[in-house]
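J.: next input, structure requested:
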Amino acid sequence: MSTALPLSQTAPEPRAEAAVPPFDVERIRADFPILAQQFRGKPLVYLDNAATTQKPTLVIEAEADVYRRYYANVHRGVHRLSVESTEAYEAVREKARGFINARETREVVFVRGTTEAINLVAQTFGRRNVRAGDEVLISALEHHSNIVPWQLLCEEKGATLRVAPINLSGEVELDELERLLGPKTRILAISHVSNALGTVNPIQRIAAMAHARGIPVLVDGAQAVARMPVDVQDLGCDFYAFSSHKLYGPTGIGVLWGREELLDAMPPYQGGGDMIRSVTFAKTTYNVLPYKFEAGTPNIAGGIGFGAAIDYVRRVGIESIQRHEDDLLAHTTGRLAEIPGVRLIGTARERAAVASFVVDGVHPHDIGTVLDSMGIAVRTGHHCAQPVMEFFGVPATARASLGMYNTRGEIEALGRGVEEVIRMFR
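T.: Numbering: from 1, shown residues only. Coordinates of the predicted model:
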């Protein structure tokens, strides 16, 4: 094991990724206190990172420190605690802007997470721009959070939800997607990385297809931001949504990034405090971006913890994380593929951090239960992507999803665990 200090005790974040030291997984693991636990005498192997990631000490302490030292409501007070809380909270907006290379902080809207971000766009941009007879286009890979809000909108407006199909590898059929981008399409909503299969969609290419027809693009980035560089200007999309809790930060906070001109034209999503300039019984005038979309008291401590998570990920280096996870994914798929009776679901050429699989004759929930008895945490079920399961003809899968702190040794433990599942049920 490395004797280097945990990252939470190192010097402040370097300005350039090139200054990040070599990737040291044991050094990183020392920063995540939950990973030191044992279950039933076995070390915890946490392979459920697509659902949520664990939190480093730096994040835990940053959130606790708010309540210990300077908690107060933000944007609403001239006293010292309120000013300090506001400054710390708003500093996170700049960190988030830099993390995804947005042009301006006013393009960064704080929301509860990816789900709320997509709903916000559907209920503001969608309501204003979608009419009876129009179309909304998504892909067959989507999480329910990028299906249901558009279904609700289409039902309300009398519009049609169109779905770009996928192939047996779990890749979107790009030719068919391009064909479906028609004169009635008002928005394309698509995931950057599939939560169920790990498929990485070529967003830059897809956005160019849509923009050639004047169609805006929303990207569900929940599964991408923790494992690959994201530059919204380079991607060319119009909206990008992601959650803190999948980026090693707290739950209940996330980001909707949108092009300023689009956000400016959208009506408020919710009414209440902080999203107004003035209120009378005759008329309300709304606040400037991004506050127009941020009604009510926000998740102050969670937001500041989110900022600490961004600091942490940047300190490790997102390119280093990506290389590490790509190596682990190759090892995971290879290890599972060599076990008789195991079938991988989703074999796209471009994948990230997710290995979904089934075992002949064994229900995925039984796989998960047996693995849990060995201290191995995987997700089982439809992963809020029931249409994907239906396409592949399975009720559910077992899903091992990777994070920066996972190791090859843990993948070997997973392999031995799956072999034990097969022995038990055969």
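J.: so residue 243 sits right up against residue 222, yeah?
T.: Yes. At 5.4 Å, residue 243 counts as touching residue 222 under the criterion of Cβ atoms under 8 Å. Every C-beta, even on glycine, is put in place using the N, C-alpha and C of the backbone.
J.: okay, and the common contacts of those two?
T.: Common neighbours of residue 243 and residue 222 are listed as 113, 114 (criterion: Cβ atoms under 8 Å, 6 or more residues apart in numbering).
J.: ok, which stretches of the stretch 201-350 of the chain are strands?
T.: Secondary structure of the stretch 201-350 of the chain by DSSP state E, counting those that start in this stretch: the strands cover 217-220, 239-243, 254-258, 276-279, 284-286, 342-345.
J.: using CSV, please lay out those together with mean neighbour count.
T.: Below are these laid out as CSV (neighbours: other Cβ atoms under 10 Å):
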stretch, mean neighbour count
strand 217-220, 26
strand 239-243, 28
strand 254-258, 28
strand 276-279, 12
strand 284-286, 13
strand 342-345, 18
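J.: hey, where'd the strands end up in the stretch 51-200 of the chain?
T.: Going by DSSP E, counting those that start in this stretch, the stretch 51-200 of the chain shows strands at 108-111, 135-139, 160-164, 185-191.
J.: reformat those strands as CSV; add mean neighbour count, mean pLDDT and distance to residue 425.
T.: CSV is the format used below for these (neighbours: other Cβ atoms under 10 Å; pLDDT from 0 to 100; distance: least, Cβ to Cβ, whole Å):
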stretch, mean neighbour count, mean pLDDT, distance to residue 425
strand 108-111, 24, 98, 43
strand 135-139, 24, 98, 34
strand 160-164, 18, 98, 35
strand 185-191, 24, 98, 33
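J.: for those, give me JSON lines that also has distance to residue 152.
T.: What follows is those, written out as JSON lines (distance: least, Cβ to Cβ, whole Å):
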{"stretch": "strand 108-111", "distance to residue 152": "17"}
{"stretch": "strand 135-139", "distance to residue 152": "11"}
{"stretch": "strand 160-164", "distance to residue 152": "10"}
{"stretch": "strand 185-191", "distance to residue 152": "13"}
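J.: domain parsing for the protein?
T.: Residue ranges for each domain of the chain read 17-46+317-425, 62-314, as given by automatic domain parsing.
J.: next one: the last one to chain centre, how far?
T.: Meaning domain 62-314. 11 Å (Cα atoms, centre = their mean, to the nearest Å).
J.: surely residue 210 and residue 217 touch.
T.: Yes. Look at residue 210 against residue 217 with Cβ under 8 Å: they come within range, at 4.9 Å.
J.: residues shared between the contacts of those two?
T.: residue 188.
J.: any chance you could read off phi and psi for residue 399?
T.: phi -130, psi 120 (degrees, to the nearest 10).
J.: apologies, that question was intended for residue 142.
T.: With angles defined as degrees, to the nearest 10, residue 142 sits at phi -70, psi 150.
J.: list the contacts of residue 347.
T.: Applying Cβ under 8 Å, 6+ apart to residue 347 gives the contacts 169, 170.
J.: could you check the pLDDT of it?
T.: pLDDT for residue 347: 96.
J.: do you know how far it is from residue 158?
T.: Applying Cβ to Cβ, to the nearest Å, the value for residue 347 to residue 158 is 39 Å.
J.: now do residue 198
T.: 36 Å.
J.: got it, and residue 52?
T.: The gap separating residue 52 from residue 158 is 37 Å, by Cβ to Cβ.
J.: out of the two, which sits in the more crowded spot?
T.: residue 52 (17 against 11; other Cβ atoms under 10 Å).
J.: so that one makes contact with residue 246?
T.: Yes. Here residue 52 lies in contact with residue 246, judged by Cβ under 8 Å, at a distance of 6.3 Å.
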